[in-house]
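S.K.: let me see the structure of the following:
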Amino acid sequence: MRPGSPAAANEDPRHAPPAHGLDALMEAVGDIAFRIAPSGLIRHASKRGQRLLDAVGELHGTALPALAIEVDQPALRNAIVDATARAEPVLVEARLRTGDMRTGDMRVGDMRAGDKETWFELRVSLLDGGPELLAVGRDMSAQRATEQRLRHMATHDALTELPNRLLLSDRIRMVIANARRSGQGFSIATIGLDGFKKVNDGLGHPVGDAVLRMAAGRLRKTLRDSDTLARVGGDEFVAVLPGTYNEAQIKLVTGRLLAALQPPFEIDSHTVYLGASIGVSVYPEHAEDEVRLVALADSAMSRAKETGGARTLVHSSRESAPPQHDISLEAAMFQAVREGEFMLYYQPIVSSRTRRIEGFETLMRWKHPTLGMVPPVRFIPISETNGLINMLGAWALKAALVQIRQFEEVAKRDLYISVNISPRQFRNDRFLSVLDDALAFSGTPGDKLVLEITEGTLMVDPAHAESILGKMAERRARIAIDDFGTGYSSLAYLKRFPISVLKIDRAFIKDLPESSKDAAICNAVLDLAKHLDLSVVAEGVETEEQLSYVGSRGCDYVQGYLTGKPMSAHVAMAALKEDLYTELLPNELRAGHT
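M.R.: Model (predicted):
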């Protein structure tokens, strides 16, 4: 509405009603205050409002919405209409344009935008008796600035000012949405500084922080404006690269990133040389969700570091090992403990000469209600990591010692039970107490128990191992070296430890008797055991030829699918009760068992 128009004439100051008594009170309310007509024209503005808006002269006759920036004008007009129609106060937020008082660049009738936009919360209400309205505004600029600062802090890394994980996640989801519409892939690159720990340890965290800030700046300059670079913690950065998805593009971009970090970092009087390792995942080739894409890129970066660093590796399903730590499976494991889903199976250990069952190896199994039987190779490493193996191991030891007494009652003869001890169990301070509790609870003598421990577990701390093994032997438990020959064999330590049994790993059995190398290894182990007065169990025996070979060379016991698969306790008891294994005996021996 322009001055001079018919409508404006009706609002001309010369035709305005006498000033309200509340005009004086308007100086005391809010940061700005206006008395306006239903059309939105200002009839009176407070002096504070004049000053805050940097207006020159009176605002009388100016449309209040015209003081707002263009995008906020409709909301302000609607608030005036609503307040008039409803006769109820209406709150509206709008950015009002302010000019420079020194140059007076905002004048009545000439609403040119100034250099500044200020947020105001305006309360528009109908005055008693009408038809005029009162608009009282509160300056929201400080609050808005605080909110903006808090939003920035919540979404950005404080050290480098780069996006953090929260904003990174949002950016990746946006890029995924765009990629689905366009059909064009993109990649995620995880960048880890090689050798950064030595900076913090040797020069201190202030120098380390300076290096990170410089590294962030170099990486940011290398990337395009359409790319996103985030710091996700420590010395790791993640770059989102829209449109970069083929081998040539990835090689070009990651080559530039690596090159950006090669020059030395000059911090105060220190010169720091660092490299970087990069892992890359590609959408949609490797994954279609942001969590999986970042995880695969991070895994590839870890492999790049492990294989020498200063290089880029793109995720490959062929080269990637199965996930060692599945979070969902871990949660299911704790549930499985509560629900009693873990069980023990028993594999017969038989005499190589008579084929009679002499004992059983205890094997843990997990029967999940929906996944079925979960293989130990999946859940044992996780239980080692989270410590659940201590609880499961203690339960397995106690249950196995109870079970061997039931097996002996059925068989009417002496048997023994063999239980695997994990590295974490063996290093646990309470292991001997757990062993004592299991022996006491079951009432089983210690000489009925064989504890299987791998070579690697013993070699981590030989002095500790010798002490613990000695105390285990004091309880009359026998010690078996599991998978003998695949770890860190040391004849000196073998002589030093109180070992009773060696178990030849199935890797040396499966190609017998054809493989001359495996035959030589087996012969050497059997000869060694004979001189050290140790029993030997050959694992993984699956053919008559394998059994005949190891038996003819003095191997005492065998274990494998030929003489018995792992079985539940009731199946094992049925086999013992009915003496089913006599069917496997040679004819000349079978008569002695009838």
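S.K.: the spatially closest residue to R430 that is not a sequence neighbour: how many residues sit nearby?
M.R.: Closest residue to R430 apart from its sequence neighbours, by Cβ to Cβ, 6 or more residues apart in numbering: N390 at 7.8 Å. For glycine as for every other residue, the C-beta is placed from the backbone atoms N, C-alpha and C. N390 has 18 neighbouring residues, counting by other Cβ atoms under 10 Å.
S.K.: what residues does the helix or strand N390 falls within touch?
M.R.: Taking DSSP states H and E as the criterion, the element that holds N390 is helix 388-411. Applying Cβ atoms under 8 Å, 6 or more residues apart in numbering, the contact partners of helix 388-411 are 333-334, 337, 342, 344, 346, 357, 360, 362, 364, 380, 382-383, 414-417, 419, 421-422, 424-425, 428, 430, 434-435, 437-439, 441-444, 448-449, 569, 572-573, 576-577.
S.K.: can you check stretch 264-278 too?
M.R.: With Cβ under 8 Å, 6+ apart as the contact definition, stretch 264-278 has outside contacts at 189-196, 199, 203, 207, 210-211, 214-215, 254, 257-258, 261-262, 301, 304-305, 309-313.
S.K.: before we move on, the earlier item: out of the contacts of helix 388-411, which are buried?
M.R.: 333, 337, 342, 344, 346, 357, 360, 362, 364, 380, 382-383, 415-417, 419, 421-422, 424-425, 428, 434-435, 438-439, 442, 444, 448-449, 569, 572-573, 576 (16 or more other Cβ atoms under 10 Å).
S.K.: would you map the helices across the stretch 1-150 of the chain?
M.R.: In the stretch 1-150 of the chain, the helices defined using DSSP state H, counting those that start in this stretch lie at 6-10, 22-25, 47-52, 73-86, 141-155.
S.K.: need these in JSON lines (columns: distance to V232).
M.R.: Output for the helices of the stretch 1-150 of the chain, formatted as JSON lines (distance: least, Cβ to Cβ, whole Å):
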{"stretch": "helix 6-10", "distance to V232": "60"}
{"stretch": "helix 22-25", "distance to V232": "56"}
{"stretch": "helix 47-52", "distance to V232": "43"}
{"stretch": "helix 73-86", "distance to V232": "39"}
{"stretch": "helix 141-155", "distance to V232": "13"}
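S.K.: could the ones you listed be laid out in TSV, adding mean pLDDT?
M.R.: Listed next are the helices of the stretch 1-150 of the chain as TSV, based on pLDDT from 0 to 100:
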stretch	mean pLDDT
helix 6-10	42
helix 22-25	67
helix 47-52	79
helix 73-86	91
helix 141-155	85
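S.K.: could you dump those helices to TSV with mean neighbour count?
M.R.: As requested, the helices of the stretch 1-150 of the chain are exported to TSV (neighbours: other Cβ atoms under 10 Å):
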stretch	mean neighbour count
helix 6-10	11
helix 22-25	12
helix 47-52	16
helix 73-86	17
helix 141-155	12
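S.K.: and G372, which of those helices is closest to it?
M.R.: helix 141-155 (43.2 Å; Cβ to Cβ).
S.K.: elements contacting that closest one?
M.R.: The contact analysis (3 or more Cβ pairs under 8 Å, 6 or more residues apart in numbering; DSSP states H and E) places helix 141-155 against strand 116-126, helix 165-182.
S.K.: for the closest residue to L258 other than its chain neighbours, what are phi and psi?
M.R.: With sequence-adjacent residues excluded and distances taken as Cβ to Cβ, 6+ apart, L258 is closest to A276, at 5.7 Å. With angles defined as degrees, to the nearest 10, A276 sits at phi -150, psi 150.
S.K.: repeat for the one 5 residues further on
M.R.: With angles defined as degrees, to the nearest 10, S281 shows backbone torsions of phi -120, psi 150.
S.K.: which pLDDT does the model give it?
M.R.: With respect to pLDDT, S281 scores 95.
S.K.: quick check: it touching M301?
M.R.: No - taking contacts as Cβ atoms under 8 Å, S281 lies outside contact range of M301: 9.9 Å.
S.K.: for the stretch 351-500 of the chain, give me the ranges with low pLDDT.
M.R.: Scanning the stretch 351-500 of the chain for pLDDT under 70 picks out 460, 485-493.
S.K.: repeat that for 80
M.R.: 385, 455-462, 483-496 (pLDDT under 80).
S.K.: ditto for the stretch 51-200 of the chain
M.R.: 51-59, 87, 98-116, 128-130.
S.K.: please repeat the previous calculation with a cut-off of 90.
M.R.: Under the criterion pLDDT under 90, the flagged ranges of the stretch 51-200 of the chain are 51-62, 66-67, 84-88, 96-119, 126-132, 139-155, 166, 194-195, 197-198, 200.
S.K.: the residue nearest to L258: neighbour count?
M.R.: As a burial measure, A276 scores 28 neighbours (other Cβ under 10 Å).
S.K.: give the buried residues for the helix holding N390.
M.R.: By 16+ other Cβ under 10 Å, the buried positions in helix 388-411 come out as 388-390, 392-401, 403-404, 407-408, 411.
S.K.: chain center to the next helix or strand after it, what's the gap?
M.R.: In the C-terminal direction, the helix or strand that comes right after helix 388-411 (DSSP H and E) is strand 416-420. Taking Cα atoms, centre = their mean, to the nearest Å, one finds strand 416-420 lying 36 Å from the centre of the chain it belongs to.
S.K.: ok, then the element right after strand 416-420?
M.R.: Downstream of strand 416-420 (by DSSP H and E), the next one is helix 423-427.
S.K.: all helices for the stretch 451-594 of the chain, in order.
M.R.: Under the criterion DSSP H, counting those that start in this stretch, helices of the stretch 451-594 of the chain are mapped to 455-460, 462-474, 491-496, 516-531, 544-552, 569-578, 587-590.
S.K.: the stretch 251-400 of the chain now?
M.R.: For the stretch 251-400 of the chain, the helices defined by DSSP H, counting those that start in this stretch occupy 290-306, 327-339, 376-386, 388-411.
S.K.: make CSV out of those helices and add distance to P131.
M.R.: Below are the helices of the stretch 251-400 of the chain laid out as CSV (distance: least, Cβ to Cβ, whole Å):
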stretch, distance to P131
helix 290-306, 56
helix 327-339, 65
helix 376-386, 73
helix 388-411, 76
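S.K.: and stretch 305-317, how far out from the chain middle?
M.R.: 19 Å.
S.K.: and that stretch, what's buried?
M.R.: 305, 310-315.
S.K.: stretch 354-367 too?
M.R.: Of all the residues in stretch 354-367, those buried under the rule 16+ other Cβ under 10 Å are 355-366.
S.K.: just give me the closest of those residues to L512.
M.R.: Nearest to L512 among the buried residues of stretch 354-367, with distances taken as Cβ to Cβ, is R355, at 17.8 Å.
S.K.: any idea how far T155 is from that closest one?
M.R.: To T155, R355 is 70 Å away according to Cβ to Cβ, to the nearest Å.
S.K.: how about R149?
M.R.: Distance, R149 to T155, using Cβ to Cβ: 11 Å.
S.K.: who does G233 bridge with?
M.R.: G233 forms beta bridges with E236, as assigned by DSSP bridges.
S.K.: ok, now how distant is it from V350?
M.R.: 54 Å.
S.K.: of those two, which one has the most company?
M.R.: For G233 and V350, the more surrounded residue by other Cβ under 10 Å is V350, and the numbers stand at 24 against 11.
S.K.: tell me the contacts of the more buried one?
M.R.: 356-358, 557-559, 563-564, 581.
S.K.: ditto for D82
M.R.: 90, 124.
S.K.: ok, D556 next?
M.R.: 351-352, 535-537.
S.K.: please redo it, this time with the cut-off set to 6 Å
M.R.: By Cβ atoms under 6 Å, 6 or more residues apart in numbering, the contact set of D556 is 535-536.
S.K.: likewise the one 10 residues further on?
M.R.: Contacts were defined as Cβ under 6 Å, 6+ apart; by that measure P566 touches 345, 347, 363.
S.K.: the last one touches Y345, doesn't it?
M.R.: Spelled out, that is L363. Yes - using Cβ atoms under 6 Å, L363 is in contact with Y345, at 4.7 Å.
S.K.: which residues does R478 form beta bridges with?
M.R.: With DSSP bridges as the rule, R478 is bridged to V450.
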